[in-house]
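> Using only what follows, build the 3D model:
(chains A and B)
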There are 2 protein chains.
Amino acid sequence: MDMQVRRQRADGERRREAILRQAVSLATVEGLEGLSIGNLADGLGMSKSGVYAHFGSKQDLQLATVDQAERIFRSEVIEPALAAAPGLGQLLAVCDAYLDHLARRTFPGGCFFAGAVLEMGTRPGPVKERVAAFQSSLTALIQGFVVTAIDQEELAADEDPEALTFELNGIILAANSSFVLRDDPHVLELPRRLVRRRLGIPAPAAPENPSRAPRRK
Amino acid sequence: MDMQVRRQRADGERRREAILRQAVSLATVEGLEGLSIGNLADGLGMSKSGVYAHFGSKQDLQLATVDQAERIFRSEVIEPALAAAPGLGQLLAVCDAYLDHLARRTFPGGCFFAGAVLEMGTRPGPVKERVAAFQSSLTALIQGFVVTAIDQEELAADEDPEALTFELNGIILAANSSFVLRDDPHVLELPRRLVRRRLGIPAPAAPENPSRAPRRK
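I've put the predicted structure just below:
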């Protein structure tokens, strides 16, 4: 492969990634069904044909958007969690990283997947399956953290991993709804405290400083 | 007012209510932004001008749709809760009535307000304010139930009403997401158990029968 072909492919990949980042952001406001080649092109100052060249159909664009949303979620929420100590440390870290992800306003409409689940739930097909598969894998990951924490005696032996995972998911979903509606980082202090109390971890001595999570530049 | 005028007004009100019931249902699938005179007319087999006569603008239609959604929520969730014993009884009843409201599939896309909060959160204006006002009044109602339950010594004196309300809201929001995605009444059994455990109420001896909530006819 000569240099020029290599450079063209790299340029093409960068453009595709820029389109998909915009698509994920836009989907948190307009929904996955609200994505169109036209509004993406407008948002990026590109021609419609320039955007169209990257995606064969609306469904391809939606599937690629969910993939991109998952990459961003992995890098902002799952990777920081996996970097913590296995068990209770990872369980606390995944909840905190989710709340940090909201606080830094990665997307205008909050958590991509919280919205996508409600939107795609009534639309059977490959996009719904993709969103459901993500949801299942995240649930399995968190349940795994709970099981490790029980094995390590950081949580009581009679904790039900499915139930605790559901409760933590509830706290972070309520945090997302509240943050999207109020756009106030203070609303994330209560869910941070609730996660700690539920896991039996002492709250920090000083109140959380909601400005510690960097705003997106 | 003569009989004919009276009858015409009653007919007009019935038609308006039929349009709004359809609008609330459709909004749980397409969003409040996805409502249009055209798709409502299609869904009801009416002419566009017939629908248009009832609503002056898209925003009027959206506001009237939120009002109708609130009337339905009051009759399906809040009134059954208020009929229970004040305090812990009302607290349990409001959660159960919400889960029953999901189980009977009143709307295809689950809880109207769970979706509306995420959709309208990024759209400042009167419709968002209306949705936020509903959310605040529901939160205040549930916190009031908690305060009464503490006063009656049905809950511990050190329960934080704001925190407990947030946790219960999380459980029912997670139930809504799970039900919309899986469309399986069994997913509502875990949140029913969690609400009881959190409130210190023994679970029923026999497992919940998910078919006890009547399907919508």
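
> Report the rounded mean pLDDT for stretch A:29-42.
What stretch A:29-42 shows for mean pLDDT is 90.

> most residues in a single helix of chain A, which one?
Counting residues, the longest helix found in chain A (DSSP state H) is helix A:3-30.

> how far does it sit from the chain's center?
A distance of 19 Å separates the centroid of the chain from that of helix A:3-30, by Cα atoms, centre = their mean, to the nearest Å.

> Check what contacts the helix or strand just after that helix and list those residues.
Note on helix A:3-30: by DSSP states H and E, the next helix or strand toward the C-terminus is helix A:37-44. With contacts defined as Cβ atoms under 8 Å, 6 or more residues apart in numbering or on different chains, helix A:37-44 is touched by A:18-19, A:22-23, A:26, A:30, A:46-48, A:50-52, A:55, A:58, A:61. Placement of C-beta: from N, CA and C, glycine included.

> Select only the buried ones of those in ChimeraX?
Provided next is the ChimeraX selection string for whichever of the contacts of helix A:37-44 are buried by 16 or more other Cβ atoms under 10 Å in any protein chain shown:
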select /A:19,22,23,26,30,46,51,52,55,61
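
> List just the nearest of the contacts of helix A:37-44 to chain B.
For the contacts of helix A:37-44, the residue nearest chain B by Cβ to the nearest Cβ is A:E30; the value is 7.6 Å.

> pLDDT weak spots in chain A?
For chain A, applying pLDDT under 70 flags the ranges A:1, A:204-217.

> ok and the residue in it nearest chain B?
Of all residues in chain A, the one sitting closest to chain B is A:G170 (3.0 Å; Cβ to the nearest Cβ).

> Figure out the helix or strand that the spatially most central residue of chain A lives in.
Central residue of chain A (Cα atoms, centre = their mean): A:F73, 3.8 Å from the mean position. Element membership for A:F73, per DSSP H and E: helix A:58-73.

> for that helix, packing partners?
helix A:3-30, helix A:37-44, helix A:112-120, helix A:126-151 (3 or more Cβ pairs under 8 Å, 6 or more residues apart in numbering or on different chains; DSSP states H and E).

> redo that, cut-off 7 Å
The contact analysis (3 or more Cβ pairs under 7 Å, 6 or more residues apart in numbering or on different chains; DSSP states H and E) places helix A:58-73 against helix A:3-30, helix A:112-120, helix A:126-151.

> Relative to B:S49, how far out is A:E189?
Distance of A:E189 to B:S49, given as Cβ to Cβ, to the nearest Å: 52 Å.

> how about the residues of chain A that lie near chain B?
Within chain A, the positions adjacent to chain B are A:29, A:31, A:108-110, A:114-115, A:117-118, A:121-122, A:132, A:135, A:162-163, A:166-167, A:169-171, A:173-174, A:177, A:180-181, A:190, A:194 by Cβ under 7 Å from any Cβ of the partner chain.
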